[in-house]
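S.K.: Sequence plus the predicted model coming up.
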Amino acid sequence: MVERKIFVNLTSHKLLPEQIDEASKFVDEIVSAEEFLPQELIQKLHQCPSDVKELYQLAQELCDYLAEYARFQSARLYVHLPVGSPAFMWILGYYFPHTYCVPVFSHTERIVEEIQQPDGTVVKKSVFKFEGFIFPDGGEADV
């Protein structure tokens, strides 16, 4: 039996059409965090606590949900991770359930435009152009 593959978007942003197209090449289904995680956990992911003990608890709780969801769906999860707190990402690596999940990050090109205002101030505009997914565990998606 072929294992199902599900792309789980845990970022605080909706996927861009380019990201959906790219993910669709290696997964059977795309879901958002809101489809299976409690709202309270999603809020914590979007606004990570600063307390180290709370970060460890958050990482453990998230990984427990991911492992359970993978088992329930009989699927391998491609988990599009939030970047937010570098400390949280480091801690998450300790608990991450690699048996069921593949960590995925988006890589973007940042195009910055600085616009001089009549009063001398500068407004900075950043546009992020999706370039592809990165699989930091060294693996690639099975396309």
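M.R.: Thanks, I have it.
S.K.: Next SSE downstream of the worst-scoring helix or strand of the chain on mean pLDDT?
M.R.: One helix or strand of the chain scores below all others by mean pLDDT, DSSP states H and E: helix 86-95, with a mean of 88. Following helix 86-95 in sequence order, the next helix or strand is strand 101-116 (DSSP states H and E).
S.K.: partners of that next one in the sheet?
M.R.: Note on strand 101-116: by DSSP bridges, its sheet partners are strand 75-80 (parallel), strand 122-134 (antiparallel).
S.K.: for the ones you listed, which one ends up most surrounded?
M.R.: strand 75-80 (a mean of 21; mean count of other C-beta atoms under 10 Å). Where you see a C-beta, it was placed from the backbone N, CA and C, and this is true even at glycine.
S.K.: And the average pLDDT for that strand is what?
M.R.: Strand 75-80 shows a mean pLDDT of 94.
S.K.: Quick one: residues in contact with it.
M.R.: In this structure, residues lying in contact with strand 75-80 by C-beta atoms under 8 Å, 6 or more residues apart in numbering are 3-11, 15, 23, 26-29, 66, 69-70, 100-106, 133, 141.
S.K.: just to revisit the earlier point, present the strands paired with strand 101-116 as TSV; the columns should include distance to residue 44.
M.R.: TSV is the format used below for the strands paired with strand 101-116 (distance: least, C-beta to C-beta, whole Å):
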stretch	distance to residue 44
strand 75-80	16
strand 122-134	24
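S.K.: That'll do, ta.
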